Structure formats: structure tokens, C-alpha cells
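Engineer: Starting from these lines, generate the structure:
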Amino acid sequence: MCICINCQHVKDCTTYKTILVQHDQPISRENDIIFTPKNTLVQINMNQSLYNVKLEWDIAECSSFVEKPGFWLT
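Structural biologist: Numbers count the residues shown, from 1 in each chain. Okay, here's the model as predicted:
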């Protein structure tokens, strides 16, 4: 699971927005503030079947993480 969902920077984070693109999710453009996190570790899990490969992208570590549970919901 991506740690970003409980980070206060989730709405402005450039790395998180990159992860959303990888998941074919829409990106909110309502906020002009851009936040570039430090020392992020992206974990990519590959699930493979006979005719399909699915990649799951998650941010596992980030030095800029500031815990704020549920912030992504607001």
C-alpha cells in the first residue's frame, strides 16, 4: 500500500501524481502548489498471468512524509 494516503503532502506531491499516471487515474489540477519529496522509494510489484502483466506502483518510503491520516479524503 502506498504510504501517501496518510501524508499531508499527497495533494501536491509530484511523485504521487506520477504514481497516479501509472495507475491510469485522473490527476487533480486544482492546486498550483508543487511539492517535490526527498528520498522516495517506489516499489513496483509485477503480477503476471499467461497473457497479461499488471504493475502495481506504490511509494514505500519517503523522507518528506508527514503523517496526517485520511488527508487524501478531504
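
Engineer: Around the spatially closest residue to Asp12 that is not a sequence neighbour, count how many other residues there are.
Structural biologist: In space, and not counting its chain neighbours, Asp12 is closest to Phe35: 4.1 Å by Cβ to Cβ, 6 or more residues apart in numbering. The C-beta positions use only the backbone N, C-alpha and C, and glycine is treated the same way. The tally of other residues near Phe35 (other Cβ atoms under 10 Å) stands at 17.

Engineer: In contact with the closest residue to Asn39 other than its chain neighbours: list those residues for me.
Structural biologist: Computed as Cβ to Cβ, 6+ apart, the closest residue to Asn39 that is not its neighbour in sequence is Ser63, at 3.9 Å. Residues in contact with Ser63, defined by Cβ atoms under 8 Å, 6 or more residues apart in numbering, are 37-40.

Engineer: Most neighbours among those residues, which one is it?
Structural biologist: Counting neighbours by other Cβ under 10 Å, Thr40 comes out on top of those with 21 neighbours.

Engineer: so it sits right up against Cys62, yeah?
Structural biologist: Yes: with contact defined as Cβ atoms under 8 Å, Thr40 reaches Cys62; the gap is 4.6 Å.

Engineer: Ramachandran coordinates for the most centrally placed residue in the chain?
Structural biologist: With distances taken as Cα atoms, centre = their mean, Tyr16 lies nearest the centre of the chain, 3.1 Å away. For Tyr16, the backbone dihedrals (degrees, to the nearest 10) come out as phi -60, psi -40.

Engineer: what about Thr40, distance to Ser49?
Structural biologist: 29 Å (Cβ to Cβ, to the nearest Å).

Engineer: low-scoring stretches of the protein, by residue?
Structural biologist: 29-32, 74 (pLDDT under 70).
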